Each structure stands twice: as structure tokens, then as C-alpha cells.
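Asks: turn this into a model:
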Amino acid sequence: MSSVTIGPLLDMRRSSMYRAGIWLARTANLVLLPVVVWGIASGAPNVPALPDSVFMAAWAAGCVTLAPAMVLFYRSGIPFERRGATWVTDRRIGNAILRDVFWLRP
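Replies: Residues are numbered from 1 along each chain as shown. Here you go, the predicted model:
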């Protein structure tokens, strides 16, 4: 995989497609993270299980927002490479995406 230098990475992060992808990824996390936390907590005693319809609706909404986010990341110039059953990118780019999605300072 080719390494991305600072200049092109900044250009990718400034593009409107990248910013739209970040907001879609944030929306997916807003939907999926509470479901995951509730699922873990429901293993404890006296915590009701999440209804199946709510669980499936949350996963569907999360996937519907996460898939276009990945397409927008690709269209903004982020290089993805297929490894086995997954798609990976340069470590610096992956860290930049995580920082942007979770509002962490660089």
C-alpha cells in the first residue's frame, strides 16, 4: 500500500465528501454504540433485554449510514486495499478518520 504524505492527507480531510463521510460515520456510531452497550449490559441481572425489533432497526440504520460513509471516504481519495475479507487503509489515515469521527484533537 502506498503511504500518504501530509499534504494529500490534509487535502482529503478538507474535501466536502470526506466531511460528509465523517458525519455519516458519526450518525452510525450514534445508533450502533448504544445498542452494543445495551447488549453488553443486558447480560447483567435485572437488566431487560433489548427487543429484537429495536435491535434490528438500529443495526439496519447503522449499516445504511456506514456504507455510504465508506463510499464517500473512498471518493475523497482515501486509498483502501483489500486484505482477506476486510478493507484496510494506511494507519495514519485510519487514525485521522477515528480522530475526526470522535472529535479528538490531533
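Asks: buried set for the top helix by length along the chain?
Replies: Counting by DSSP state H, the longest helix found in the chain is helix 16-41. Neighbour counts over helix 16-41 (16 or more other C-beta atoms under 10 Å) mark 17-18, 20-22, 24-29, 31-32, 35, 38 as buried. (Each C-beta comes from the backbone N, C-alpha and C, glycine too.)
Asks: which residue is nearest the centroid of this protein?
Replies: The residue lying closest to the centre of the chain (C-alpha atoms, centre = their mean) is A25, at 4.3 Å.
Asks: pull out the buried positions in the worst-scoring helix or strand of the chain on mean pLDDT.
Replies: The weakest-scoring helix or strand in the chain, judged by mean pLDDT, DSSP states H and E, is helix 6-14 (a mean of 79). For helix 6-14, a neighbour-count test (16+ other C-beta under 10 Å) marks 9, 12-13 as buried.
Asks: where are the low-confidence patches of the protein?
Replies: Residue ranges of the chain with pLDDT under 70: 1-6, 106.
Asks: what do you get if the cut-off is 50, keeping everything else the same?
Replies: Applying pLDDT under 50 to the chain flags the ranges 1-2.
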